[in-house]
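**Q** sequence and predicted structure below; questions after.
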Amino acid sequence: MKKAKRMAAVVLCLCVVALCMGFTQQRDAGELAAERAMSRQEEALDAYQLLWDSFEKEPESLQPYYPDEYGGEYIDDDKLVIQLTENTPENQAKYRELCGNSDKVVFEKVTYSLNYLNSLESVAEEMLEDYAVTSYGVDRKENQFAISVEASDLEEAQLSFYRRRSSEPIVFREGAPMQTLSSILPGGRKITSETSNGCSITVMGTYNGKDALVSCGHDLYAGNNISYNGIKVAKIKVSNYKDRGYGDYSISEVTNSSYSGSSYVLAETGQRYVTSIASAPQGTAISKNGMATGYTTGYVSMTNTAIRDKKTDYILNGMSTCSFVKAAKHGDSGGPIFIPTSGGVKLVGGLSCQNTSDDESYIYYGFSTMGYVTNLGFRLK
């Protein structure tokens, strides 16, 4: 009888373990898929980085001057898809060369150039005063301009646009308002200031030859001190968070010699070195780490997006958005967004805000790319 009871207990235990494993597999399926995608996309992203570097940039906004035939780009599995309005052999050869003649580059004929789609921002700007527009920008994969509006205003905004009998390639989507995240708990390493209860370091490096750290810009003001575990470690030199401005970032000079500016981020397997700063097109599989929510993975959903921050009603230009299956919490602002590789990580940007809808299966984040701080002289170390 005792032997039978012991056997029953073992069987019950195994059933519980199996059940838990089933829940774990279900919970992590999306993250595992994103991690597999990251390893496949590395060559395509290297090709994209070469292409991105080849474009001349506008000095303040860092937005590229695109050729007239360029329609955009996105990642599809392990390929970089380059969209062209004139998909000729000559143009294909030109872009292949700009991408280092990578065999991961493919081409797609599209109707609209990226320059034209970007010009449709004026339509969204007109609607900002009358409707609850939450974000707007080019959906490159669909070769159209997307305007997201809160549910209460969505139908009226659509009707207003359609009354114009316009043939412009604009699509309307339901969007939840975005809200900044620096309040209580951080991602990466927790830092505080006189005006912030907590946000996180994006990365450390150097600025003007001195050790420095990068974080978000909201709630971190130039001239204030940064503290880590109650110890003053840095002073904010640059803070950028303003209506109609580009990006949401800050740069602080390290003032405590006990803290170096080595460029590491917290990843799934612990501290990993940042090997480079990368640009990530739509469709790129990415990771983030937050002290409040931990490590998670997702995908870049749009780039060069204008986002309305619900807290301040500011429009943040030049942002990117990404989707994750886990929501962040207040304090995750500044947390690193990155691409893990076999040799370290490629840093894409720092977390800024998230939408406030609890009903979506994917939570959408806004993040500021690293190009803004490197343009000001910040360097990895």
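**A** Received the coordinates, thanks. Numbers count the residues shown, from 1 in each chain.

**Q** residues near the nearest residue to Met127 once chain neighbours are set aside, how many?
**A** In this structure, Met127 finds its nearest non-sequential neighbour in Val133, 5.5 Å apart by Cβ to Cβ, 6 or more residues apart in numbering. Yep, even glycine has a C-beta here, placed from its N, CA and C like the rest. The local packing of Val133 (other Cβ atoms under 10 Å) involves 25 other residues.

**Q** ok, now Asn229?
**A** Neighbourhood size, Asn229 [other Cβ under 10 Å]: 9.

**Q** pLDDT at it, what is it?
**A** Looking at Asn229, its pLDDT reads 83.

**Q** quick one, helices of this structure?
**A** According to DSSP state H, the chain carries its helices in the segments 2-54, 89-98, 114-119, 121-127, 151-162, 371-375.

**Q** out of the ones you listed, which gets the lowest mean score?
**A** helix 2-54 (a mean of 64).

**Q** where does this structure have low pLDDT?
**A** By pLDDT under 70, the weakly predicted segments of the chain are 1-31, 181-188, 291, 356-362.

**Q** Ile170: what's its closest spatial neighbour, skipping adjacent residues?
**A** With sequence-adjacent residues excluded and distances taken as Cβ to Cβ, 6+ apart, Ile170 is closest to Phe145, at 4.9 Å.

**Q** that neighbour bridge partners, please.
**A** Val138, Ile170 (DSSP bridges).

**Q** just confirm it contacts Asp139, I think it does.
**A** Yes. Counting by Cβ atoms under 8 Å, Phe145 does reach Asp139; the two are 7.3 Å apart.

**Q** what is in contact with the two at once?
**A** Val171 (Cβ atoms under 8 Å, 6 or more residues apart in numbering).

**Q** now do the contacts for the residue most central in space within the chain.
**A** Geometric centre of the chain, nearest residue: Phe367, 4.2 Å, by Cα atoms, centre = their mean. Contacts for Phe367 were tallied using Cβ under 8 Å, 6+ apart; they are Met319, Ser320, Thr321, Cys322, Ile337, Val348, Gly349, Gly350, Leu351, Ser352.

**Q** for the closest residue in space to the last one that isn't next to it in sequence, give me phi and psi.
**A** So that's Ser352. Once flanking residues are discounted, Ser352 sits nearest to Asp248: 4.3 Å by Cβ to Cβ, 6+ apart. When read as degrees, to the nearest 10, the backbone of Asp248 gives phi -140, psi 100.

**Q** quick one: contacts for Asp248?
**A** Neighbours of Asp248 in contact, by Cβ under 8 Å, 6+ apart: 180, 216-218, 240-241, 316, 319, 350, 352-353, 366, 368.

**Q** mind running it again at 6 Å?
**A** Asp248 makes contact with Cys216, Gly217, His218, Tyr241, Leu316, Ser352, Ser368, according to Cβ atoms under 6 Å, 6 or more residues apart in numbering.

**Q** against Glu58, how distant is Gly245?
**A** According to Cβ to Cβ, to the nearest Å, Gly245 stands 14 Å off from Glu58.

**Q** and Phe107, by the same measure?
**A** In terms of Cβ to Cβ, Phe107 sits 26 Å off from Glu58.

**Q** next: Val123.
**A** Going from Val123 to Glu58 by Cβ to Cβ gives 21 Å.

**Q** also Thr202?
**A** Using Cβ to Cβ, we find Thr202 at a distance of 23 Å from Glu58.

**Q** between those two, who's got more neighbours?
**A** The neighbour comparison of Thr202 against Glu58 (other Cβ under 10 Å) goes to Thr202, with 33 against 10.

**Q** identify the bridge partners of the nearest residue to that one once chain neighbours are set aside.
**A** Once flanking residues are discounted, Thr202 sits nearest to Gly350: 3.5 Å by Cβ to Cβ, 6+ apart. As for beta bridges, Gly350 partners with Ser368 under DSSP bridges.

**Q** for Gly350, list the residues it contacts.
**A** By Cβ under 6 Å, 6+ apart, the neighbours of Gly350 are Thr202, Cys216, Gly334, Ser368.

**Q** which members of the contacts of Phe367 are positioned in strands?
**A** Using DSSP state E, the subset of the contacts of Phe367 located in strands is Met319, Ser320, Thr321, Cys322, Ile337, Val348, Gly349, Gly350, Leu351, Ser352.
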